[in-house]
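A.B. asks: Give me coordinates for this.
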Amino acid sequence: MLELAYPWALALIALPALMHFVPPYKESRDSVKVPFFHKLVELSEQRPERGARILQRDRAQRFLVAFMWCCLALAAAKPQWVGPPVEQQKSGRDLMIAVDLSGSMETRDITAPDGTAIDRLTAVKRVLEELAARRESDRLGLIVFGSAAYLQSPFTDDHAIWTQLLAETEIGMAGQSTVFGDAIGLAIKLFRESDSDNRVLIMLTDGNDTGSTVPPVDAAKVAAASDIRIYTIAIGDPASVGEEALDMETIGRVSEATGGKDFQALDQAELESAYATIAELEPNLFETVSFRPRQSLHWAPVGIALLLYSIYHSIGTWRAWRTLARQEKADAA
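C.D. replies: Sure thing, here's the model as predicted:
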């Protein structure tokens, strides 16, 4: 479908009509007065005239000038070809995953489906890989934390890269402690830089905070004020003690403060069940963006005008050259 971006520019077509009300341009020329003027007229065989002489254009010139002006006015109106509507679906949710890499995550108290004992981080990686494959509509981010919280991957639609960055994480790479609250604080900062209105944070940790600048529960209250829902998953055996102990009270309070939910995973099956429940609570969300592709055609009338201009003057040059050649041939004869 053809449309004009600036249809009001077509009013310029009528602008030359105002030239009829403008008097023609007159230019005075110097003359030489001679006593033998009549003799010069007789010899030159020309009739003397008085007053100004207005040069007249031929029909081709008149048509060309009018047509070129119409072409320029049409180009100013910017004609464009509008294609059929195109709909695209983009991510409707920003989903941040925060993984605890403290020393307690190397505890081998998670039972794999084959019955073998694996460490907590290995179990988390296996389930998160499946999560990335299923959450195609979400932009995923990754935070790792230990003695400090670090951004491993910003929000991205490229889940393959996100999975690769997850696979490169190792226990202790962020330190041996657990700054649960600081990880929430970093997530809040990243969400504030995001333009998504649907914000979810999934925390995988033992919940035993060992030195955050901001206590986890206080950080969760700030997250709630920023419309961030937090789902916490406690990894490991609740009977563990010391650095490996689970702080279920803190985990529960963090989720409750943001309207989320907390889970406990003693084995990989329970971990997968926790993600399945989160998937039900946070179903795939898409945002549809519709647009119509537009291709500007303003160059077409300009190109036509230049083409006709070139053809007209080429013909005029050829005629002038032909006339000159005939005169030279006649003089030579």
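A.B. asks: switch to C-alpha atoms for all contacts and neighbour counts from now on
C.D. replies: Will do.
A.B. asks: how does the chain divide into domains?
C.D. replies: 1-21+56-84+292-333, 88-288 (automatic domain parsing).
A.B. asks: want to throw these into a markdown table with mean pLDDT and mean neighbour count?
C.D. replies: Output for the domains of the chain, formatted as a markdown table (pLDDT from 0 to 100; neighbours: other CA atoms under 10 Å):
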| stretch | mean pLDDT | mean neighbour count |
| --- | --- | --- |
| domain 1-21+56-84+292-333 | 83 | 14 |
| domain 88-288 | 81 | 19 |
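A.B. asks: now those in JSON lines, with distance to His38?
C.D. replies: Shown next, in JSON lines, are these (distance: least, CA to CA, whole Å):
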{"stretch": "domain 1-21+56-84+292-333", "distance to His38": "28"}
{"stretch": "domain 88-288", "distance to His38": "86"}
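A.B. asks: Out of those domains, flag the one nearest Arg47.
C.D. replies: With CA to CA, the closest approach to Arg47 among these belongs to domain 1-21+56-84+292-333: 18.8 Å.
A.B. asks: now the helices for the stretch 151-300 of the chain?
C.D. replies: Using DSSP state H, counting those that start in this stretch, the helices of the stretch 151-300 of the chain run over 159-167, 180-192, 216-225, 248-258, 268-281, 299-332.
A.B. asks: Could you dump those helices into JSON lines with distance to Phe36 added?
C.D. replies: Shown next, in JSON lines, are the helices of the stretch 151-300 of the chain (distance: least, CA to CA, whole Å):
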{"stretch": "helix 159-167", "distance to Phe36": "99"}
{"stretch": "helix 180-192", "distance to Phe36": "97"}
{"stretch": "helix 216-225", "distance to Phe36": "105"}
{"stretch": "helix 248-258", "distance to Phe36": "111"}
{"stretch": "helix 268-281", "distance to Phe36": "110"}
{"stretch": "helix 299-332", "distance to Phe36": "29"}
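A.B. asks: With respect to Asp58, which of these lies nearest?
C.D. replies: Asp58 lies closest, by CA to CA, to one member of the helices of the stretch 151-300 of the chain: helix 299-332, at 11.9 Å.
A.B. asks: Could you tell me which other helices and strands the closest one packs against?
C.D. replies: In terms of contacts (3 or more CA pairs under 8 Å, 6 or more residues apart in numbering; DSSP states H and E), helix 299-332 is packed against helix 59-76.
A.B. asks: In the sheet, which strands lie alongside the helix or strand following the helix it packs on, parallel or antiparallel?
C.D. replies: Sequence order places strand 79-82 as the next helix or strand after helix 59-76, per DSSP states H and E. Under the criterion DSSP bridges, strand 79-82 sits next to strand 2-4 (antiparallel), strand 294-296 (antiparallel) in its sheet.
A.B. asks: and the last one, how far out from the chain's middle?
C.D. replies: Just to be clear, that refers to strand 294-296. With CA atoms, centre = their mean, to the nearest Å as the basis, strand 294-296 stands 18 Å off its chain's centre.
A.B. asks: related to what we said a few turns ago, could you point out which of the domains of the chain sits nearest Leu43?
C.D. replies: Closest among the domains of the chain, using CA to CA: domain 1-21+56-84+292-333, at 19.4 Å.
A.B. asks: wouldn't Pro113 be in contact with Ala269 here?
C.D. replies: Yes: between Pro113 and Ala269 there is a contact under CA atoms under 8 Å: 7.0 Å.
A.B. asks: Excluding sequence neighbours, find me the nearest residue to Leu72.
C.D. replies: Nearest non-adjacent residue to Leu72, counting by CA to CA, 6 or more residues apart in numbering: Val302, 6.2 Å away.
A.B. asks: Arg154 contacts Val144, doesn't it?
C.D. replies: Heads up, residue 154 is Pro, not Arg. No: judged on CA under 8 Å, Pro154 makes no contact with Val144 at a distance of 11.6 Å.
A.B. asks: re the thing from before, how near is the residue nearest to Leu72 to Ser212?
C.D. replies: Val302 is 67 Å from Ser212, where distance means CA to CA, to the nearest Å.
A.B. asks: same deal with Thr111?
C.D. replies: Thr111 sits 30 Å away from Ser212, going by CA to CA.
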